[in-house]
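# Let me see the structure of the following:
(chains A and B)
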There are 2 protein chains.
Amino acid sequence: MSEELTFDFLTTPQIVFGKGRFQEIGELLDTYGKKVLVVCSESAFSQIQEQIEKITANRKISYEVFIIKGEPDIHQIDKGVEQGIKQKANVVLGVGGGSAVDAGKAIAGLITNGGLAKDYMEVIGKGSLITKPPLPYIAIPTTAGTGSEVTKNAVILSKEDGLKASIRSPLLIPKVALVDPELMIKVSPEVTAYCGLDALTQLIESYTSVKSQPITDSLAILGIRRITKSLIYVYENGHDVSAREDMAFAALLSGICLANAGLGVVHGFASPIGGLVGIPHGVVCGALLSFVVEENIKQMITEIPFNETLAKYATLGELLANIIFDDIREAADRVIEYTEQISRLLKIPKLSKYGLSEKYFEEIIEKAKKTSSMRYNPVKLSDEALYRILLKSM
Amino acid sequence: MSEELTFDFLTTPQIVFGKGRFQEIGELLDTYGKKVLVVCSESAFSQIQEQIEKITANRKISYEVFIIKGEPDIHQIDKGVEQGIKQKANVVLGVGGGSAVDAGKAIAGLITNGGLAKDYMEVIGKGSLITKPPLPYIAIPTTAGTGSEVTKNAVILSKEDGLKASIRSPLLIPKVALVDPELMIKVSPEVTAYCGLDALTQLIESYTSVKSQPITDSLAILGIRRITKSLIYVYENGHDVSAREDMAFAALLSGICLANAGLGVVHGFASPIGGLVGIPHGVVCGALLSFVVEENIKQMITEIPFNETLAKYATLGELLANIIFDDIREAADRVIEYTEQISRLLKIPKLSKYGLSEKYFEEIIEKAKKTSSMRYNPVKLSDEALYRILLKSM
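Numbers count the residues shown, from 1 in each chain, chains lettered A, B, ... in the order given. The predicted structure follows:
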């Protein structure tokens, strides 16, 4: 009969989603703790300050704020942990884009597990493991991109090592994801586009990953539908809450999918490119996505005349084009067209604009091949194919 | 633009699904605790005894067994709690059908919260609330029906009050759902049918519930597909692991859906009928489902010419019949036909066979109208319509 059904599914146990629901933070804090460490970006704090003061005062909850500047690096995390311990925080709130949400996640984990951030980091760390439950962590994204509110890892930068890497543990999954699209209204068109392309890439890569499974497949389709409906629109109409809702929902789903199905070559490349050249993650996604899909499809057609993942690309192609095709290859090709087109419409720059050049390619390819994302790509691409992808992104 | 997207999603944070994965229980216990209270049915224990002894011995884990006989009643729960406290258990394993999984859930909650089971029960209790995190609870279903492994409530019987009611709290959601279809191989055709109809009813009712939302909708469709593929087949081929997989997956999804979207009139009726007359829950579902769908559709057509839930029934009808219809009503009607047919093929008895008679109808209707499931039904059915449904089930 059918293929054996076996999977693991790990997610944030409580998701609170909807316009204006940030107001419910008081009730959540009643459940989880009265001494709150708020980890957030400066802009996120200015957005929530008034509300959080009112809510905490009414409930006799005390809070301190730890501001994350730019990308979270190991020293910032260590400082946040120190502050939380001094404060005797018993709950952590992370509010902001992926950076702030990741930072809060790491801080909540390290407060109870002890040691320095670097000890726990993949690749450059000491191999320390998160073994104790973190402080209860409530994640509140203010951009629709990473889906970090439902994932088990925090991406941290070590400037000294010229590298971004994850602290990762199933225990790091937030206790609550509170997603309020109203908090996303003020995000600039540029950042909206970058985050949206990150979410789209996560959805497409997890849907076609070798680790994909029925639950994540069906959620990925749900997410991609919302993106096709709203990404271009929200880029020009950022104030539209309903379009923000769609994007926030898609990003949330992309997080659930990537946490359980893994990603692919785009994300395999993203980590070394991000480490070597400072490029926003969403730009890397937008610049590479169509070329990775193209190489994947090309190789599938050459290798195996009928391939399940090719059929999945075809399903996606039909969804994106909103047409039924007679030919599976024609349908699959629509994914290439759509992803190329959306990156163009959202004005995603070529990677050469950020200083990427051919001299880095070999190093990037070597590093990328060691990432887990690369292993989940539906086919194993040759070094030549990987080189071609980078070249096209220039 | 679109309707506002606002929802809560609450689920078991870790799902481990697949054939033979019961073997991984040792690793899970390493994470959660070394003194295990195993709450299970006699037949489930005979199935796992050898494996659990080997696994625990190898890891220096101690365990005690508490056997649940028949439906869990308040006194059994209290005894289980007493045993767990004496044993100083730090983790609870619930293994068996819905009864055993519910019992383990309640016991894990009461060990840390104190008091008697009845205090916490809806309707007849003192209104005590679960406020402390229960002992970590690992739920291992051996039937594919209730989906209790991912829900927040435990249905408990009080013989003295002639009533089944729930102990309910978001904190009661199990820490882990370990679903191993191999443990379901020996379930009789009869019980397989009853459990399957429970799962099917839960999927259809949550999909058409007024509280339904995109995530549960997409999971409900996924579950219904598996049921149409395998329920009739597994009834006659219970040894087929792949069909058991489909049913276990569908039941799991039905639990996720009901916990987040609620149910409908069938489940509104199930509780008072189960309290007054001893009828297996799945039989009540199978006997009522098609008639409830029929009344719902009839009323929708009368009330509102175009109704979103009618469109959902139509989607279901197309899925169940595997045909595209021109007419929405014709498509929706297929749900009535299919649910009537599957109950007939699975030889679900009429409820009069269990002693249900018209003299109970008024009382059942009155009690049913007070249940939460009734509120989530897509339309408000009149007393006359409710009466007709019961009459047809005789």
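# Which residue lies nearest the spatial centre of chain A?
The centre of chain A sits closest to A:Thr146, judged by Cα atoms, centre = their mean, with a distance of 2.2 Å.
# near chain B, which residues of the stretch 1-150 of chain A show up?
Proximity of the stretch 1-150 of chain A to chain B is confined to A:1-2, A:4-19, A:21 under the rule Cβ under 8 Å from any Cβ of the partner chain. C-beta here means a position set from N, CA and C on the backbone, and glycine is covered the same way.
# would you list every one of the helices in the stretch 201-350 of chain A?
For the stretch 201-350 of chain A, applying DSSP state H, counting those that start in this stretch gives helices covering A:214-236, A:241-261, A:265-276, A:281-303, A:308-321, A:328-345.
# Mean pLDDT lowest where, among those?
Ranked by mean pLDDT, those bottom out at helix A:265-276, with a mean of 90.
# which other helices and strands contact it?
Under the contact definition 3 or more Cβ pairs under 8 Å, 6 or more residues apart in numbering or on different chains; DSSP states H and E, helix A:265-276 sits against strand A:163-168, helix A:189-207, helix A:281-303, helix A:361-368, helix A:372-376, helix A:383-392.
# Below-threshold pLDDT in chain A: ranges please.
Where chain A drops to pLDDT under 70, the residues are A:1-3, A:305-306.
# how does it look with 50?
Chain A contains residues with pLDDT under 50 at A:1-2.
# got a list of what A:Ile130 touches?
A:109, A:113, A:120, A:167, A:169, A:171-172 (Cβ atoms under 8 Å, 6 or more residues apart in numbering or on different chains).
# just to revisit the earlier point, go through the helices of the stretch 201-350 of chain A and pick out the most buried.
Ranked by mean neighbour count, these are led by helix A:241-261 with a mean of 27 (mean count of other Cβ atoms under 10 Å in any protein chain shown).
# Is chain B within reach of that helix?
Yes. Applying Cβ under 8 Å from any Cβ, one finds helix A:241-261 in contact with chain B at A:242-243, A:245-246, A:249, A:253.
# if we can go back for a sec, could you find the closest non-adjacent residue to the residue nearest to the centre of chain A?
Nearest residue to A:Thr146 in three dimensions, chain neighbours excluded: A:Gly98, at 3.5 Å (Cβ to Cβ, 6 or more residues apart in numbering or on different chains).
# shouldn't the one you found be in contact with A:Thr151?
No. Counting by Cβ atoms under 8 Å, A:Gly98 stays clear of A:Thr151, with 9.8 Å between them.
# So these two - more neighbours on which side?
More crowded of A:Gly98 and A:Thr151, by other Cβ atoms under 10 Å in any protein chain shown: A:Thr151, with 31 against 26.
# ok, now which ones touch the more buried one?
A:173, A:255, A:258-259.
# and if we set it to 6 Å?
By Cβ atoms under 6 Å, 6 or more residues apart in numbering or on different chains, A:Thr151 lies in contact with A:255, A:259.
# Would you quantify the distance from it to chain B?
From A:Thr151 across to chain B, the span is 12 Å (Cβ to the nearest Cβ, to the nearest Å).
# I'd like the residues of helix A:241-261 next to chain B as CSV, with distance to A:Glu42 appended.
As requested, the residues of helix A:241-261 next to chain B are arranged in CSV below (distance: Cβ to Cβ, whole Å):
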residue, distance to A:Glu42
A:Ser242, 28
A:Ala243, 25
A:Glu245, 25
A:Asp246, 27
A:Phe249, 26
A:Leu253, 28
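# What are the buried residues along stretch A:103-123?
By neighbour count on 16 or more other Cβ atoms under 10 Å in any protein chain shown, the buried set for stretch A:103-123 is A:103-113, A:116-122.
# roughly how far is that stretch from the heart of the chain?
19 Å (Cα atoms, centre = their mean, to the nearest Å).
# Likewise for stretch A:323-342?
From the chain centre to the centre of stretch A:323-342 is a distance of 25 Å (Cα atoms, centre = their mean).
# How about that stretch and chain B, touching?
No. Using Cβ under 6 Å from any Cβ of the partner chain, stretch A:323-342 never reaches chain B; the gap is at least 11.7 Å.
# what does that stretch contact?
Contact partners of stretch A:323-342, identified using Cβ under 6 Å, 6+ apart, comprise A:289-290, A:293-294, A:297, A:310, A:313-314, A:316-318, A:320-321.
# Could you list which of the residues you listed also contact chain B?
Residues of these in contact with chain B (Cβ under 6 Å from any Cβ): none.
# quick check: domain ranges of chain A?
Per the record, chain A has its domains at A:14-184, A:189-392, by automatic domain parsing.
# Out of those domains, the one nearest B:Ile364 is which?
domain A:14-184 (34.7 Å; Cβ to Cβ).
# A:Ala44 sits in which helix or strand?
Element membership for A:Ala44, per DSSP states H and E: helix A:42-58.
# Distance from that helix to the middle of the chain?
Its chain's average C-alpha position is 25 Å from that of helix A:42-58, according to Cα atoms, centre = their mean.
# helix/strand/coil for A:Ile138?
strand (DSSP: H, G, I helix; E, B strand; the rest coil).
# For it, the count of nearby residues, please.
Neighbour tally, A:Ile138, other Cβ under 10 Å: 28.
# Please name the residues that touch the closest residue in space to it that isn't next to it in sequence.
Once flanking residues are discounted, A:Ile138 sits nearest to A:Val176: 4.5 Å by Cβ to Cβ, 6+ apart. Counting by Cβ under 6 Å, 6+ apart, A:Val176 touches A:14, A:28, A:138.
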